[in-house]
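Enquirer: Got a predicted structure plus its sequence, pasted below:
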There are 2 protein chains.
Amino acid sequence: MGWGDLGAFGEPSKETPNLDQMAAEGMLFLDFYTANPLCSPSRAALLTGRLPVRNGFYTTNGHARNAYTPQDIVGGIPDSELLLPELLKKAGYINKIIGKWHLGHRPQFHPLKHGFHEWFGSPNCHFGPYDNRERPNIPVYRDWEMIGRYYEDFKIDLKTGEANLTQLYLQEALDFISKQQASQQPFFLYWAIDATHAPVYASKQFLGTSQRGLYGDAVREIDDSVGKILNHLQQLGISENTFVFFTSDNGAALISAPKQGGSNGPFLCGKQTTFEGGMREPAIAWWPGHIPAGGVSHQLGNVMDLFTTSLSLAGLQPPSDRQIDGIDLLPVILQGKLIDRPIFYYRGNELMAVRAGLYKAHYWTWSNSWEEHSKGIDFCPGQNVSGVTTHTQEEHTHLPLLFHLGSDPGEKYPLRFSSEEYQRAVERISGLVQQHKATLVPGQPQLNVCDQAVMNWSPPGCEKLGKCLKVPESDPKKCSWPH
Amino acid sequence: MGWGDLGAFGEPSKETPNLDQMAAEGMLFLDFYTANPLCSPSRAALLTGRLPVRNGFYTTNGHARNAYTPQDIVGGIPDSELLLPELLKKAGYINKIIGKWHLGHRPQFHPLKHGFHEWFGSPNCHFGPYDNRERPNIPVYRDWEMIGRYYEDFKIDLKTGEANLTQLYLQEALDFISKQQASQQPFFLYWAIDATHAPVYASKQFLGTSQRGLYGDAVREIDDSVGKILNHLQQLGISENTFVFFTSDNGAALISAPKQGGSNGPFLCGKQTTFEGGMREPAIAWWPGHIPAGGVSHQLGNVMDLFTTSLSLAGLQPPSDRQIDGIDLLPVILQGKLIDRPIFYYRGNELMAVRAGLYKAHYWTWSNSWEEHSKGIDFCPGQNVSGVTTHTQEEHTHLPLLFHLGSDPGEKYPLRFSSEEYQRAVERISGLVQQHKATLVPGQPQLNVCDQAVMNWSPPGCEKLGKCLKVPESDPKKCSWPH
């Protein structure tokens, strides 16, 4: 989902009354970021509070390449990483993930081995359908075991876009919340829906209801579901005791536009890029009785902050034996404070850009290769800022491209190198970069090796369903990451 | 001002709390348009309820050229046009214009000859300073007479951007409202401020207060002033008896960005173009006790509707002896109705595009000429949609370029000519175009002839001030309209 996809963020169809109301009752974050311009690394960062370059969710197969966890990925979340649910578990929380995990699908990476008590959802994206010979269909798990596969037991109609998955995820969420409330258990629910990820889907009742096409239908269903979840918390009388945060793991995938692509508002480019459109996210905090209604924050926030903030809410300290990138947002949310902190924009293990205050310095620019671009793969459709949305990897480490995101949110007008403003801002940001790089201990890269043998051929539970598939010979290779 | 310049429309700095509150208490129009992508013709359309091609505010000096009223323009608002204040006057309204008139500055075009009782402001843009030899500085009028000139008696500091004009306009507005309330007179106030028009300015107390630079300072001052006006209406107890509408006369001038240019949100290009960024406007209706709070309307609206709607509020009928393009929005505003009507996008006397429902058909595309573009004059900076933002005038009358503004508000993905959706929509729009063209009676074009002798050399009142300048010889020429 992109920054510009919600009414409260200026989406011109204004079709998200529930999220808009959530914002009106809570706090809107206008300068909130994800940790990476695509899904797996962002989610790993959210749950570990650490940049992907630290927690291992990156590749070194090429320079500055985006990588995630496809079916043939060998890696996943390392045991050495401490996940939010692992820590919350120790404080008595019951933790559930509903939806897409995306932190590795081999047995050692299973969410229930990393602190979650329950899971309903799938380990990978809902790509498909596959033939179950070259490539298996993606499994859907309930807790430890597969209970079916996408396109087989969990239908997604690619022609109409119909799939009732968001409704299943909603019902799971409502049931889980009811159960925890009934048993007076503190809980952590990671509601990781994926209807706005291509192939975009919506339930029958939402199909054709949006002015924005199928993507809008999916947004409307998510909006409706969020409304029902918040309403459920209020009905159960636990809304003042439940902190809710809504955000996304990357900017809208403009490559999927117009039919399946969302909006990044006034920002440049989309998913896969380190321009604002790739990493600035819609974000809303809600906690009636605690967060003053109608707040708007310009705090530079990051999904990694949800790790630290959640620990803080649970009365826990973040681990002290490792670098944590997330900060505790409670002073921001509850007392309106502003905490000075930078935002780091990575692609693979390359630090592409850094934001401090209203300034953003690009050390490398790249949208994607000419080779891809000539095939029609475009991460910045309709946009072309000369020398900025480059199709070769351009190094600017000696003289970074600097933008003022206040007067130029669209990253269209680099500041003059000779200006005093440029020199002051770059000096400050360079200091932050030096400090960051000096203390950086990169994790073992998890997204380098792919192997057809590790795909979801025979997930646990497949015997009961008669859905075990023959595992092909192991053939480990460097994964190919073209952008 | 652009569609994306207000917080309620998604401006990422959210610095317009008063206008946002006006929207929260009133109705937000998301699909509201101006009648032309630049100032004079839009204002003429607002006050006459008629398209510029009817009321004469266009040029035929070149094909599809934008034109306005510079100092050497010979034309202006024809006597044959009936302006809103002329009609309201007959119903007992006292009418005042504060700010920029822009409907011609020669004696016969004076606002007090066209229905206004009072005027404080100037006839042209606040360009300058001039040397008073080649070109005089623009006069500022109080009612019939000049009381000084910009850059002389009414300072605008081009270096710092400081000017207190918005404060003067605000005080005039508050005083006028107080006076009318005290005398129980119904009134029409046309508050035509221009702080966001280059050269952008703000008062000292607002300078440097915005994250968005000088342009943002100007927006903040306007926002603050609107808040004070609404508050004044409430203090006087007449808010439930006063209809207030906020909008703009063209999209943000991206040519002035980043220092003096605003935001058109997700839309394509800016002022001077018939893409959405040039003509879709922020719009808010406010009338406590009548308009339900928090309304959001997708009614296709136009500044010309303010003519008809205002007449309706005053219990008057629009003139029946001429074609009126504005519609009465009261059923939309008060009863939430949606009225099916097209939007026509003109450049000069060429119908460039038409919107009906969510579809927009481009019959001609042009951003500006290669010649201008090569000099750095760019109406679509950072944006380039192949075959759409063309630098030659491209005719598509036989096979219009069609966009679905719901799924593609940025006009980036023309629909396939062969699709059924294309054929259905174009058939419908073609019918509307035929009907429109069949009944169109173009007015005498007012913006063709320029003459150095008609500039503001010796406006009425200049003798008292000792500010009369020598009128040069008359030398009428075709005005040059490059885009």
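Expert: Looks like it arrived, so ask away. Keep in mind the model is a prediction, meaning the values are calculated, not measured.
Enquirer: On the pLDDT front, check the residue nearest the centre of chain A for me.
Expert: By Cα atoms, centre = their mean, the mean C-alpha position of chain A lies nearest to residue A:249, the distance being 1.5 Å. Note for residue A:249: predicted pLDDT of 98.
Enquirer: How is it classified with respect to secondary structure?
Expert: At residue A:249, secondary structure determined by DSSP: H, G, I helix; E, B strand; the rest coil is coil.
Enquirer: Now do the contacts for it.
Expert: Applying Cβ atoms under 8 Å, 6 or more residues apart in numbering or on different chains to residue A:249 gives the contacts A:34, A:38-39, A:42-43, A:46, A:281, A:303. Bear in mind the C-beta positions are built from the backbone N, C-alpha and C, glycine included.
Enquirer: and if we set it to 7 Å?
Expert: For residue A:249, the contacting residues are A:34, A:39, A:42-43, taking Cβ atoms under 7 Å, 6 or more residues apart in numbering or on different chains as the criterion.
Enquirer: Can you tell me which of the residues you listed is closest to chain B?
Expert: Using Cβ to the nearest Cβ, residue A:34 comes nearest to chain B of the contacts of residue A:249, at 16.0 Å.
Enquirer: That closest one: what's its closest spatial neighbour, skipping adjacent residues?
Expert: Spatial nearest neighbour of residue A:34, excluding adjacent residues (Cβ to Cβ, 6 or more residues apart in numbering or on different chains): residue A:42 at 4.5 Å.
Enquirer: Isn't the one you found up against residue A:35?
Expert: Yes: in this structure, residue A:42 is within contact of residue A:35 by Cβ atoms under 7 Å, at 5.3 Å.
Enquirer: who touches both of the two?
Expert: Going by Cβ under 7 Å, 6+ apart, residues that sit against residue A:42 and also against residue A:35 are residue A:303.
Enquirer: of those two, who's got more company?
Expert: Using other Cβ atoms under 10 Å in any protein chain shown, the more surrounded residue of residue A:42 and residue A:35 is residue A:35, with 31 against 27.
Enquirer: for the more buried one, helix, strand, or coil?
Expert: Under three-state DSSP, residue A:35 comes out as coil.
Enquirer: on that earlier part again, show the backbone phi and psi for the nearest residue to the residue nearest to the centre of chain A once chain neighbours are set aside.
Expert: Counting by Cβ to Cβ, 6+ apart, the nearest residue to residue A:249 once its immediate chain neighbours are dropped is residue A:42, at 3.9 Å. Phi and psi for residue A:42, reported as degrees, to the nearest 10, are phi -60, psi -40.
Enquirer: Tell me which residues touch residue A:42, please.
Expert: Residue A:42 neighbours (Cβ under 7 Å, 6+ apart): A:34-36, A:249-250, A:303.
Enquirer: May I have the predicted confidence score for it?
Expert: 98.
Enquirer: The stretch 301-450 of chain A: helices as residue ranges?
Expert: With helices called from DSSP state H, counting those that start in this stretch, the stretch 301-450 of chain A shows them at A:305-313, A:330-335, A:370-374, A:420-438.
Enquirer: quick one, which of these is packed in tightest?
Expert: Mean neighbour count (mean count of other Cβ atoms under 10 Å in any protein chain shown) peaks for helix A:305-313 among the helices of the stretch 301-450 of chain A, with a mean of 23.
Enquirer: and that one, what does it pack onto?
Expert: Applying 3 or more Cβ pairs under 7 Å, 6 or more residues apart in numbering or on different chains; DSSP states H and E, we find helix A:305-313 packed against helix A:39-48, helix A:84-90.
Enquirer: Please list the outside residues in contact with that helix.
Expert: A:46-49, A:84, A:87-88, A:188, A:243, A:245, A:317-318, A:324, A:326-330.
Enquirer: if you set the cut-off to 6 Å instead, what comes out?
Expert: Outside helix A:305-313, the residues that touch it by Cβ atoms under 6 Å, 6 or more residues apart in numbering or on different chains are A:46, A:49, A:84, A:243, A:245, A:318, A:326-330.
Enquirer: what stretches of chain A score poorly on pLDDT?
Expert: Within chain A, no range satisfies pLDDT under 70.
Enquirer: residues in it within reach of chain B, list them.
Expert: A:4, A:9-10, A:12, A:14, A:30, A:211-213, A:258, A:263, A:265-266, A:296, A:358, A:381-385, A:406-409, A:412-413 (Cβ under 6 Å from any Cβ of the partner chain).
Enquirer: Sitting in strands, which of those residues do you find?
Expert: Among the residues of chain A next to chain B, the residues falling in strands (DSSP state E) are residue A:296.
Enquirer: With distance to residue A:448 as added columns, please give the helices of the stretch 301-450 of chain A in TSV.
Expert: Below are the helices of the stretch 301-450 of chain A laid out as TSV (distance: least, Cβ to Cβ, whole Å):
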stretch	distance to residue A:448
helix A:305-313	25
helix A:330-335	37
helix A:370-374	21
helix A:420-438	22
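Enquirer: beta partners of residue A:351?
Expert: Counting by DSSP bridges, residue A:351 forms beta bridges with residue A:346.
Enquirer: Count residues in the vicinity of it, would you?
Expert: Count around residue A:351 with other Cβ under 10 Å applied: 21.
Enquirer: if we can go back for a sec, which of the helices and strands packed on helix A:305-313 sits most buried?
Expert: helix A:39-48 (a mean of 29).
Enquirer: Quick one: work out the angle between that one and helix A:305-313.
Expert: The directions of helix A:39-48 and helix A:305-313 differ by 20 degrees, with axes from the mean of the first three to the mean of the last three Cα atoms, to 10 degrees as the criterion.
Enquirer: Please tell me how far residue A:434 sits from residue A:354.
Expert: 11 Å (Cβ to Cβ, to the nearest Å).
Enquirer: hang on, the earlier thing: for the contacts of helix A:305-313, which one is nearest residue A:100?
Expert: Residue A:100 lies nearest to residue A:46 out of those, by Cβ to Cβ, at 12.1 Å.
Enquirer: all strands for the stretch 201-350 of chain A, in order.
Expert: Secondary structure of the stretch 201-350 of chain A (DSSP state E, counting those that start in this stretch): strands at A:244-247, A:280-281, A:283-286, A:295-297, A:301-302, A:343-347, A:350-356.
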